[in-house]
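Colleague: give me a model of this one.
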Amino acid sequence: MDIQLFAAKLDRPLTDEEAETFLRIMPEERRERLMRVPKEELRHEPLCAYAILYMVTRTIYGWKKLPPMRYSKYGKPVFDGYPDVQFNISHTRRAVLVGVHDEPLGVDIEKLRPVSERTMERIAGTTSRQAFFESWVRRESRSKWNGAGLGSIREDESPAMLGERIEYIKTFPDYVACVCTHSDAPIAKVRTFTIK
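Modeller: Next up, the predicted model:
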């Protein structure tokens, strides 16, 4: 199966009806976790990500609902009982990225935003905002591929592992996105959506 990538940009907040509909789609554990987020507007991007994941799995696998999730030994969410259905989601300010494949993958999307030169130099060895966020999405997609999470992102970036493949993905202006995998499957054209 090709690596499937879907990106959505939120040009407006979700309506209450949209948020309620998307909330019902989420697996129960993820729904409960999301409801603990104190600011309602911070729930919109994850809601969109799971709505896309639901639409993709319904189309590809014919699922009527998302199955329960569990966490791998490194904390990566996986569908319980479906080891051949791998997914990863990322969200940032007003945008989401969802990846689905039959092998593990990690995705990340970030909005280009102001960062101090000191921070860029310390973390990524650069003073370019574009290079800083490229470094960040590369590191985060790598850590999400293996499920190690943000704790595995080091200030000094480790070299590529054998078989590792990192690809930058074009999504929206002023956003940087990346996918990490060890699969040699082609990456299907990124499907983008805008909620206007």
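
Colleague: ok, and for the helix or strand hosting residue 30, which residues are buried?
Modeller: Take DSSP states H and E as the rule and residue 30 turns out to sit in helix 28-35. Applying a neighbour-count criterion of 16 or more other CB atoms under 10 Å, one finds 30, 31, 34 buried in helix 28-35. For the C-beta atoms, the positions are set from N, CA and C on the backbone; glycine is no exception.

Colleague: what ranges do the strands span in the protein?
Modeller: Per DSSP state E, the chain has strands spanning 4-10, 69-71, 77-79, 86-92, 95-101, 105-111, 165-169, 175-181, 191-195. These are given in chain order.

Colleague: mind listing residues that contact the first one?
Modeller: For strand 4-10, the external contacting residues (CB atoms under 8 Å, 6 or more residues apart in numbering) are 44-45, 48-49, 52, 56, 60, 94-101, 107, 109, 169, 171-172, 175, 177, 179, 187-188, 190-195.

Colleague: farthest from the middle of this protein: give me that residue.
Modeller: The outermost residue of the chain, judged by C-alpha distance from the chain's mean C-alpha position using CA atoms, centre = their mean, is residue 118 at 26.9 Å.

Colleague: what residue is smack in the middle of this structure?
Modeller: Residue closest to the mean C-alpha point of the chain, counted by CA atoms, centre = their mean, is residue 90 at 2.1 Å.

Colleague: hang on, it packs against residue 145?
Modeller: No - in this structure, residue 90 sits apart from residue 145 without contact. The criterion is CB atoms under 8 Å, and the distance is 11.9 Å.

Colleague: so where is this protein shaky, pLDDT-wise?
Modeller: Counting by pLDDT under 70, the chain contains low-confidence ranges at 149-160.

Colleague: swap in 50 and give it another go.
Modeller: Low-confidence regions of the chain, defined by pLDDT under 50, span residues 155-156.

Colleague: and the strands of the chain as CSV, adding distance to residue 17?
Modeller: Listed next are the strands of the chain as CSV, based on distance: least, CB to CB, whole Å:
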stretch, distance to residue 17
strand 4-10, 15
strand 69-71, 25
strand 77-79, 27
strand 86-92, 20
strand 95-101, 19
strand 105-111, 26
strand 165-169, 31
strand 175-181, 27
strand 191-195, 13
